[in-house]
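A.B. asks: how would this look folded up:
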Amino acid sequence: MKIISRTSIGHLCVAALITFAPFAPVTAAGPALTASAPTTPLPTPEKRSGILTLAGGAYAYLPKGLNGAPAPLLVVLHGAGGQASDILASYRADADANGFILLLPQSKGPTWDMIVDLQSRLGVEMNVQPRYGRDLKALDQSMADLFARVAVDPARLGIMGFSDGATYAVSVGTANPQLFHTVIAYSPGPAFPTRFDVTQRIFISHAEEDPVLPYSTTRGMVAKMRVKKMPVMFESFKGGHEVPKDIHAKAVAYFMGK
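C.D. replies: Numbers count the residues shown, from 1 in each chain. As a prediction, this is how the structure comes out:
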């Protein structure tokens, strides 16, 4: 499977501006989410397989064989210019084979709000730090709606993304370790971890020759996470801005704890 981002020149400018920016302090609040998976059984959990439309404009895919027992949940974020429907096509078979739920948000703009905001302030402000808006709010609403209708295992929640989606997954995922046990990032840009929780599991991949988002940025981020004692699995490979089949398979297995 090869996935190519439609990342614009503006994304490259963001990367150039903040590649060497320091991480936000560990005490920073970050993009906090309020939704939380229920710890007690739902009275009437959804048991039908298929597509479920959620508040916030996202939809979920409930895998085959769903029986009302708590299932793993993987939130998957598309790259710049992408569509949630493309993600479903790429991960539906994995969800069915492993019995995990997919939550598929759609960005309100051409890419995720944090990145759009950073682009709008390039060259205007110094020491640019990310701001979050309607995409974060929509994600919170979608997760709360899903948790109220489908039995989700709170110990097996993950967030994954490619390109801009990976940048967003790292930034939002590490800020919410109480929610996400696993964070998976394919070829991210400059992300903004605000917490370094050693209980989180991190999987990151990046091509050494990536022409869109610099490999060196990701390598530096991985090094900082490891200094903070976070367990990080880092997969570098020869190629471009893409997700090779073997990396895809390793990431899914990592999420499932295999």
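A.B. asks: need the next SSE after the helix or strand of the chain with the lowest mean pLDDT, C-terminal direction.
C.D. replies: The weakest-scoring helix or strand in the chain, judged by mean pLDDT, DSSP states H and E, is helix 9-18 (a mean of 45). Remark: after helix 9-18, the chain's next helix or strand is strand 50-53, criterion DSSP states H and E.
A.B. asks: helices and strands around that next one, which ones?
C.D. replies: If contacts are counted by 3 or more CB pairs under 8 Å, 6 or more residues apart in numbering; DSSP states H and E, strand 50-53 sits against strand 59-62. Heads up, the C-betas are built off the backbone N, CA and C, glycines and all.
A.B. asks: Report the strands that pair with the strand it packs on, each with its relative direction.
C.D. replies: Next to strand 59-62 in the sheet, as set by DSSP bridges, lie strand 50-53 (antiparallel), strand 101-104 (antiparallel).
A.B. asks: Could you save those strands as a markdown table and add columns showing mean pLDDT?
C.D. replies: Shown next, in a markdown table, are the strands paired with strand 59-62 (pLDDT from 0 to 100):
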| stretch | mean pLDDT |
| --- | --- |
| strand 50-53 | 97 |
| strand 101-104 | 98 |
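A.B. asks: Please identify the deepest-packed of the ones you listed.
C.D. replies: The highest mean neighbour count among those, using mean count of other CB atoms under 10 Å, belongs to strand 101-104: a mean of 24.
A.B. asks: Give me the next element, helix or strand, following that strand.
C.D. replies: As assigned by DSSP H and E, the chain's next helix or strand after strand 101-104 is helix 113-120.
A.B. asks: buried stuff in that following helix?
C.D. replies: Asp113, Met114, Ile115, Val116, Asp117, Leu118, Gln119 (16 or more other CB atoms under 10 Å).
A.B. asks: do the same with stretch 144-156
C.D. replies: For stretch 144-156, using 16+ other CB under 10 Å, the buried residues are Ala144, Asp145, Leu146, Phe147, Arg149, Val150, Ala151, Val152, Arg156.
A.B. asks: Farthest-apart pair in the residues you listed, please.
C.D. replies: Of all pairs drawn from the buried residues of stretch 144-156, the greatest distance, 19.1 Å, lies between Asp145 and Arg156 (CB to CB).
A.B. asks: ok so, going back, relative to Arg219, which of the strands paired with strand 59-62 is closest?
C.D. replies: strand 101-104 (29.1 Å).
A.B. asks: quick one: Leu103 and Gly56 touch, right?
C.D. replies: No: look at Leu103 against Gly56 with CB atoms under 8 Å: they stay out of range, at 10.0 Å.
A.B. asks: residues shared between the contacts of the two?
C.D. replies: When contacts are counted by CB atoms under 8 Å, 6 or more residues apart in numbering, Leu103 and Gly56 are jointly contacted by Ser142.
A.B. asks: coming back round to it: nearest to Val76, out of the buried residues of stretch 144-156: which one, please.
C.D. replies: Looking across the buried residues of stretch 144-156 and measuring by CB to CB, the closest to Val76 is Leu146, at 13.3 Å.
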